[in-house]
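J.: how does the following fold in three dimensions:
(2 chains)
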Amino acid sequence: MIDWCEKCEEMMQPFLDGTLSQAEVAEAERHLDTCHWCAKRYKFEERLRHYVRVATIEPMSLELKAKLAALRTPLN
Amino acid sequence: MSESAPSTADTRRLAEEARARVRFEEEALELSDQVYRVARRLVGTREEAEDLVQQTYERAFRSWRQYTPGTNLRAWLLRILTNLNIDRGRRQQRSPQTTSLDTEAGDYFLYNKLEAQVPDENPDEERVLERLSQDSIVDALADVPHDFRDVIVLVDIGEFSYADAAQILDIPIGTVMSRLHRGRRILKKNLADEAVPS
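T.: The predicted model follows:
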């Protein structure tokens, strides 16, 4: 017996990265269509990735921006 | 008169080069927010990130001729930045190899832990995600060992392709993928630790 939830857990990262084969994607989707438990965890992972991207933004200081701009070759 | 022709050509060539240089510098500066964003998470402090970005631009502007127009400039800048970061001796302070414990938990581990803290029966995933504060994410990421964190920062935060990340870090693409897989699990384990009061 295949434990489909366990298999789906293993496939989650490559699934969201888009690195699974078409056959594997179909296999995962078949299970996700019927398994609310796994589907929820996939949705969570997707949201988590987005949240990590947003939560870690720290804007660059204006001082640094000015320093970088000053590195430009002066126009003659 | 015969001498003025080459000098005109020279002048034209110099003018073209000056224009190419200005264009390069402008394009590089337009990417500075994105470069800083990645740098900030590759190193521990804001000061280090600022130094690193400044040095990166100094070096990039000096060696601009080595950049091939039309290729990924952001990846080229990040390659300089990671090399400078290594030169700063970061490798010496690399954290020891993590124990097996951190990745034993599977990819559903964090969700399961967080869901258990939400009082409602069968909460939706947004409610579960709310268990994580912005600070807890920053801290959990900072606690991921360097080798794994570099890959997460480039791919998940910098949105670089596996191929670009491999080139920037000078490691095989397979290593990028395996570190990413394992690194994300370590991150989730750290997040679970941050969110769940022991």
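J.: do a quick rundown of the strands in chain A.
T.: Counting by DSSP state E, no segments of chain A form strands.
J.: quick one: residues in contact with stretch B:60-75.
T.: Contact with stretch B:60-75 is made by A:71-73, B:20-21, B:24-25, B:27-28, B:31, B:34-35, B:76-77, B:80, B:160, B:164, B:167-168, as judged by C-beta atoms under 8 Å, 6 or more residues apart in numbering or on different chains. Where you see a C-beta, it was placed from the backbone N, CA and C, and this is true even at glycine.
J.: helices or strands up against the longest helix along chain A?
T.: When chain A is parsed with DSSP state H, its longest helix is helix A:36-55. On a contact count with 3 or more C-beta pairs under 8 Å, 6 or more residues apart in numbering or on different chains; DSSP states H and E, helix A:36-55 meets helix A:4-17, helix A:22-34, helix B:109-115, helix B:125-129, helix B:134-142.
J.: near chain B, which residues of chain A show up?
T.: A:6, A:9-10, A:12-13, A:19, A:40-41, A:43-45, A:47-49, A:51-53, A:55-61, A:64-65, A:67-69, A:71-73, A:75 (C-beta under 8 Å from any C-beta of the partner chain).
J.: pull out the buried residues from these.
T.: Buried members of the residues of chain A next to chain B, counted by 16 or more other C-beta atoms under 10 Å in any protein chain shown: A:9, A:12-13, A:40-41, A:43-45, A:48-49, A:51-52, A:55-56, A:60, A:64-65, A:68.
J.: pLDDT weak spots in the chain?
T.: Picked chain A for this. A:76 (pLDDT under 70).
J.: the intended chain is chain B.
T.: In chain B, residues with pLDDT under 70: B:1-6, B:90-104, B:196-198.
J.: domains of it?
T.: B:4-93, B:101-195 (automatic domain parsing).
J.: the ones you listed: which one's closest to A:Ala26?
T.: Nearest to A:Ala26 among those is domain B:101-195 (20.0 Å), distances taken as C-beta to C-beta.
J.: ok so, going back, for the domains of chain B, which one ends up most surrounded?
T.: domain B:101-195 (a mean of 18; mean count of other C-beta atoms under 10 Å in any protein chain shown).
J.: which of the domains of chain B sits closest to A:Val25?
T.: Going by C-beta to C-beta, the one of the domains of chain B nearest A:Val25 is domain B:101-195, 16.7 Å.
J.: and that closest one with chain A, contact?
T.: Yes: using C-beta under 8 Å from any C-beta, we find that domain B:101-195 touches chain A at B:106-108, B:110-111, B:124-126, B:128-129, B:132, B:134, B:137-138, B:141, B:156-157, B:159, B:177, B:180-181, B:184, B:187-188.
J.: pipe the domains of chain B into JSON lines and attach distance to A:Glu27 per row.
T.: Rendered in JSON lines, the data for those read as follows (distance: least, C-beta to C-beta, whole Å):
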{"stretch": "domain B:4-93", "distance to A:Glu27": "34"}
{"stretch": "domain B:101-195", "distance to A:Glu27": "17"}
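J.: check which helix or strand covers B:Asp107.
T.: For B:Asp107, there is no helix or strand it lies in under DSSP states H and E.
J.: next up, the contacts around it.
T.: Taking C-beta under 8 Å, 6+ apart as the test, what B:Asp107 contacts is A:9-10, A:12-13, A:41, A:45, B:184-185, B:188.
J.: and for B:Trp76?
T.: Contacts of B:Trp76 (C-beta under 8 Å, 6+ apart): B:60, B:67.
J.: chain center to the helix or strand harbouring it: distance?
T.: B:Trp76 is part of helix B:73-87, with elements assigned from DSSP H and E. Averaging C-alpha positions (C-alpha atoms, centre = their mean, to the nearest Å) puts helix B:73-87 9 Å from its chain's average.
J.: and stretch B:129-139, end to end?
T.: Terminal residues of stretch B:129-139 lie 16 Å apart, using C-alpha to C-alpha, to the nearest Å.
J.: one more: stretch A:14-24?
T.: Stretch A:14-24 end-to-end distance (C-alpha to C-alpha) = 10 Å.
J.: stretch B:64-77 too?
T.: Stretch B:64-77 end-to-end distance (C-alpha to C-alpha) = 10 Å.
J.: and if you look at stretch B:66-73?
T.: OK, stretch B:66-73 end separation, C-alpha to C-alpha: 11 Å.
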